[in-house]
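> show me the folded form of this:
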Amino acid sequence: MSLTDAVLLIFIVLMLLYAMYDEFGMNLLKGKTLLKVQLKRSNRLDCLIFVGLLAILIYRNITTQGAPLTTYLLISLALIAVYISYIRWPKLLFKSQGFFYANAFIEYSRIRAMNLSEDGILVIDLEQRRLLIQVTKLDDLERIYHFLVENQ
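Predicted coordinates:
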């Protein structure tokens, strides 16, 4: 196994761990999930460029008679990237003490203000940061509002 294969294998393992944490780990951490809301996907173009570059590397590895293991690892990396960007949905998970947004847990006590923009984006102001939350369905904004009012 070459250094390139080892680095590819490390990235594959890290991406798989991230996908498992995103899908299963956040549900299990910090107590029971009280509300789950799907968010709009972003960075699809970035993934498309990444997969395109991987396709170029796969093509180059095949045409230059590269190691088959490298080809398989590159294909695996491309498949995992497609899963993370196009198949799974980003989500907002509300727990009893806070919520998970972008894989980070934010406690309710950190919220300073909440506003709703005209185009349906929920703006949550924290101490030093502003979260812009775009939901897939506008009805979810009402569910979030009712949840926060009932649980605060």
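
> list the contacts of M114.
With contact set as Cβ atoms under 8 Å, 6 or more residues apart in numbering, M114 has these partners: L122, V123, I124, D125, L148. Backbone N, C-alpha and C define where each C-beta goes, glycine included.

> output those residues as TSV; include the columns secondary structure.
Rendered in TSV, the data for those read as follows (DSSP: H, G, I helix; E, B strand; the rest coil):
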residue	secondary structure
L122	strand
V123	strand
I124	strand
D125	strand
L148	helix
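
> look up how far L34 lies from the residue nearest to the spatial centre of the chain.
The centre of the chain sits closest to P90, judged by Cα atoms, centre = their mean, with a distance of 5.0 Å. Remark: distance between P90 and L34 (Cβ to Cβ, to the nearest Å) = 18 Å.

> past the lengthiest helix in the chain, which element shows up next along the chain?
Criterion DSSP state H: the longest helix present in the chain is helix 44-63. Next helix or strand after helix 44-63 toward the C-terminus (DSSP states H and E): helix 68-82.

> circling back to that earlier point, without its sequence neighbours, what residue ends up closest to the residue nearest to the centre of the chain?
Nearest non-adjacent residue to P90, counting by Cβ to Cβ, 6 or more residues apart in numbering: L39, 4.4 Å away.

> thought L92 was touching the one you found, still the case?
Yes - counting by Cβ atoms under 8 Å, L92 is a contact partner of L39 at 5.8 Å.

> which of those two has more neighbours?
The neighbour count for L39 versus L92, taken as other Cβ atoms under 10 Å, is higher for L92 (19 against 16).

> show me the domain layout of this structure.
Following automatic domain parsing, the chain resolves into domains at 3-30+42-87, 92-151.

> in stretch 118-132, which residues are buried?
L122, I124, L131 (16 or more other Cβ atoms under 10 Å).

> do stretch 48-67 as well
F50, V51, L54, L57, I58, N61, G66.
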